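Trainee: Return a 3D structure for these sequence lines:
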Amino acid sequence: MGLENTFFAIVTRMKFISRWSVMRNSYTQNDSEHSMEVAMIAHALAIIGNKRLGRDYHPERIAVMGLYHDFTEIITGDLPTPVKYRNDKIKSAFKEIEEEAAQELLERLPEDLRGEYAPYLQESEWTPEEYKLVKAADKLSALIKCIEEQKAGNQEFQKAKEASEAYLRDMNCPEADIFCQEFLPHYYKTLDEL
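Mentor: Residues are numbered from 1 along each chain as shown. Okay, here's the model as predicted:
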């Protein structure tokens with residue numbers, strides 16, 4: 001029996017991929033949780049762009065891209081960011097591996113459905129603006145995890161927090177800047193304060 005029709009059964013296993021595996025965590029986060037958070041934030045960034053900055057994004061499309069942005073990790077695993085981006089050679093090689101993984105995932109779908117999923121699984125089909133919003137949402141999710149860990153008394157995430165903040169500052173994404181100004185401060189609050 002081939003791989004066809006195994007797409008949903010395999011990607012559902014993302015809940016078993018732990019993020020931040022080389023860090024001491026006060027609570028574990030899995031790829032499914034992270035993907036949902038990225039989808040929610042990417043959707044918000046697209047809406048912010050449309051409403052506040054006169055953009056013409058398709059928020060639902062960008063949300064689905066955010067949802068699927070790490071689906072290839074079911075094949076590749078979650079490689080720590082410092083390793084994945086250590087140098088251009090590793091970055092390029094890993095990007096090629098991710099493209100191959102995306103193709104393998106598409107082959108797990110019936111042939112008549114593959115074209116519907118390809119625009120979400122293959123980053124090569126994303127516009128630069130879509131990629132930027134999903135990447136910003138991904139970094140915001142990482143920053144939120146760092147904030148939550150520090151709130152729990154875990155200082156292990158200080159450098160990751162600083163790196164995420166610097167990345168967001170340097171990416172020149174006004175939508176992410178607005179999110180950081182208006183929504184991020186509330187992540188520092190306790191439940192009672194919310």
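
Trainee: Skipping adjacent residues, who's closest to the residue nearest the centre of the chain in space?
Mentor: In the chain, the residue lying closest to the centroid (CA atoms, centre = their mean) is Asp138, at 3.6 Å. The spatial neighbour of Asp138 that comes closest, neighbours along the chain excluded (CB to CB, 6 or more residues apart in numbering), is Val38 at 5.3 Å. Heads up, the C-betas are built off the backbone N, CA and C, glycines and all.

Trainee: what does Leu194 give?
Mentor: His186 (6.7 Å).

Trainee: All the helices of this protein, residue numbers only.
Mentor: Along the chain, the stretches classed as helices by DSSP state H are 7-11, 31-53, 59-68, 73-76, 81-84, 88-107, 111-121, 128-151, 158-170, 174-182.

Trainee: Let me have those helices in CSV, extended by distance to Leu194 and mean pLDDT.
Mentor: Shown next, in CSV, are the helices of the chain (distance: least, CB to CB, whole Å; pLDDT from 0 to 100):
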stretch, distance to Leu194, mean pLDDT
helix 7-11, 32, 94
helix 31-53, 16, 97
helix 59-68, 23, 97
helix 73-76, 31, 88
helix 81-84, 29, 67
helix 88-107, 36, 86
helix 111-121, 32, 95
helix 128-151, 12, 97
helix 158-170, 21, 95
helix 174-182, 15, 98
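
Trainee: Tell me which of the ones you listed lies nearest to Glu193.
Mentor: Nearest of these to Glu193, taken as CB to CB: helix 128-151 at 11.3 Å.

Trainee: CA atoms only for that closest one, dumped as PDB, please.
Mentor: Extracted as PDB, the C-alpha positions of helix 128-151 are listed here (Å, rounded to 0.1, in the frame of the first residue of the first chain):
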ATOM      1  CA  PRO A 128       7.000  37.700  -0.400                       C
ATOM      2  CA  GLU A 129       4.300  39.600   1.500                       C
ATOM      3  CA  GLU A 130       2.500  36.400   2.600                       C
ATOM      4  CA  TYR A 131       5.900  34.900   3.600                       C
ATOM      5  CA  LYS A 132       6.700  38.000   5.600                       C
ATOM      6  CA  LEU A 133       3.400  37.900   7.600                       C
ATOM      7  CA  VAL A 134       3.700  34.200   8.300                       C
ATOM      8  CA  LYS A 135       7.400  34.600   9.400                       C
ATOM      9  CA  ALA A 136       6.400  37.500  11.600                       C
ATOM     10  CA  ALA A 137       3.700  35.400  13.200                       C
ATOM     11  CA  ASP A 138       6.100  32.600  13.700                       C
ATOM     12  CA  LYS A 139       8.600  34.900  15.400                       C
ATOM     13  CA  LEU A 140       5.800  36.500  17.500                       C
ATOM     14  CA  SER A 141       4.700  33.000  18.600                       C
ATOM     15  CA  ALA A 142       8.400  32.300  19.700                       C
ATOM     16  CA  LEU A 143       8.500  35.600  21.500                       C
ATOM     17  CA  ILE A 144       5.200  34.800  23.300                       C
ATOM     18  CA  LYS A 145       6.700  31.500  24.400                       C
ATOM     19  CA  CYS A 146       9.800  33.300  25.800                       C
ATOM     20  CA  ILE A 147       7.600  35.800  27.700                       C
ATOM     21  CA  GLU A 148       5.500  32.900  29.100                       C
ATOM     22  CA  GLU A 149       8.600  31.100  30.200                       C
ATOM     23  CA  GLN A 150      10.000  34.200  31.900                       C
ATOM     24  CA  LYS A 151       6.700  34.700  33.700                       C
END
